[in-house]
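K.L.:
Structure for the following, please:
(one chain, ligands or ions: 2)
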Amino acid sequence: MTILTSSDRSVRPVLPLLPSNTWQQELRDAVRDAGELCRRLGLSPELAHQAAAGASDFPVFVTNSFLARIAHGNPSDPLLRQVLPIAEEGQLLPGFSTDPVGDLPAELHPGVLHKYLGRALLVTTGACAVHCRYCFRRHFPYEVVPHSEAAWDAALTTLETEESISEIILSGGDPLMLTDSRLASLVKKIAAIPHVTRLRIHTRLPIVIPARVTEELLDWLTSTRLTPVMVVHANHAQELADDVAQALARLRGAGVVLLNQAVLLRGVNDSVSAQQALSERLIALGVLPYYLHQLDRVQGAAHFEVPIETGMQIITELRQQLPGYLVPRYVQELPGEPSKTILF
Ligand SMILES: *Cc1c(COP(=O)(O)O)cnc(C)c1O
Ligand code: SF4
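P.N.:
Ligands and ions are numbered 1, 2, ... in the order given. This next block holds a predicted model:
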């Protein structure tokens, strides 16, 4: 997975930095090395050495905002586990593949996935502001994603002819890695397609770089006729620090519907208490828990897998402890199905 595409690089500002560019500065300053990550957190060089082996095909990438929420000196920190490679990533296990969710056959056009009725997903970029070790997109062939304006126009033309589509989902990678001016222009073109009524953004950026929620972002997201929905991605309450709370409050204040999706991850959030704390922190920030995903069986992520029976047990207990709206739908993405499969 690339960090920034060459087109992003060409529009990077030269000094001096304006406040709206602080998120890009934070990307440049991100930790990209297991050794540095371990040093900064007071962890042993042995851990760093193991990590370096796991990072060979998917490098470490952690922003300073996210790093600040990781406890010092705790190798089992639930946030650290999401970003620090371990030796098990190198294991090749039967049943764990490079396209576990069957994305490639669902391509309507390069970068446009039309898997479910009424919704089309645009893979806007392969870049992310964090490299999550469990990510199912770590093997996605991002070089097929449209890069030029003309390639995007061609993708949008396909959507114009699919009148059943009422919702466009911007995904990736992370769509908020694109600059606000590119996103504004893309959204304008989407809004010009008459049958599209909703715009959904799937992003982890407000969590890993809260400064990404710029005035410009609020502007393109809410000045369109499309209903704006944002699905953020936090797996643990500890990710939802005060700077994240402020970013989410700005989105909510601007009228954006906020949902969260999480992945059930061994050693991160595979307990009733972790899930309860996550749901309670989310609703305190005005975000509803939407999905809890069963891990996609992607090569290199087997050590994160939680058995489905354990997941169901967690959900059963959550239902007893929390109001129904704070219990996420426990789902799995199975290739060839007409929707995500509700496990419980
Ligand atoms: C998950 C997903 C969607 C959205 O599904 P919802 O159940 O509406 O959240 C759409 N397209 C693709 C390809 C997806 O993977
Ligand atoms: S932000 Fe999302 S797409 Fe990017 S690495 Fe993490 S899980 Fe994968």
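
K.L.:
Would you map the strands across the protein?
P.N.:
Using DSSP state E, the strands of the chain run over residues 107-109, 112-116, 119-123, 167-171, 198-203, 227-233, 257-263, 288-293, 329-332, 341-342.

K.L.:
pLDDT on the second one, on average?
P.N.:
Mean pLDDT, computed over strand 112-116, is 92.

K.L.:
Can you give the strand pairings for it, parallel or anti for each?
P.N.:
Take DSSP bridges as the rule and strand 112-116 pairs in its sheet with strand 107-109 (antiparallel), strand 119-123 (antiparallel).

K.L.:
Format the ones you listed as JSON lines; extra columns: distance to H202, mean pLDDT and mean neighbour count.
P.N.:
Backbone N, C-alpha and C define where each C-beta goes, glycine included. Listed next are those as JSON lines, based on distance: least, Cβ to Cβ, whole Å; pLDDT from 0 to 100; neighbours: other Cβ atoms under 10 Å:
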{"stretch": "strand 107-109", "distance to H202": "17", "mean pLDDT": "83", "mean neighbour count": "16"}
{"stretch": "strand 119-123", "distance to H202": "8", "mean pLDDT": "95", "mean neighbour count": "22"}
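
K.L.:
among the strands of the chain, where is the model least confident on average?
P.N.:
Lowest mean pLDDT within the strands of the chain: strand 107-109, a mean of 83.

K.L.:
and that one, anywhere near ligand 1?
P.N.:
No: using Cβ under 6 Å from any ligand atom, strand 107-109 never reaches ligand 1; the gap is at least 9.7 Å.

K.L.:
Which positions in the chain make contact with ligand 1?
P.N.:
Contacts of the chain with ligand 1, taken as Cβ under 6 Å from any ligand atom, map to L113, K115, Y116, R119, L121, I169, E333, S339, K340.

K.L.:
Make JSON lines from the strands of the chain and add distance to S56 to it.
P.N.:
Shown next, in JSON lines, are these (distance: least, Cβ to Cβ, whole Å):
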{"stretch": "strand 107-109", "distance to S56": "28"}
{"stretch": "strand 112-116", "distance to S56": "28"}
{"stretch": "strand 119-123", "distance to S56": "24"}
{"stretch": "strand 167-171", "distance to S56": "26"}
{"stretch": "strand 198-203", "distance to S56": "27"}
{"stretch": "strand 227-233", "distance to S56": "25"}
{"stretch": "strand 257-263", "distance to S56": "22"}
{"stretch": "strand 288-293", "distance to S56": "26"}
{"stretch": "strand 329-332", "distance to S56": "28"}
{"stretch": "strand 341-342", "distance to S56": "33"}
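
K.L.:
pLDDT below threshold where in the stretch 151-300 of the chain?
P.N.:
Scanning the stretch 151-300 of the chain for pLDDT under 70 picks out nothing.
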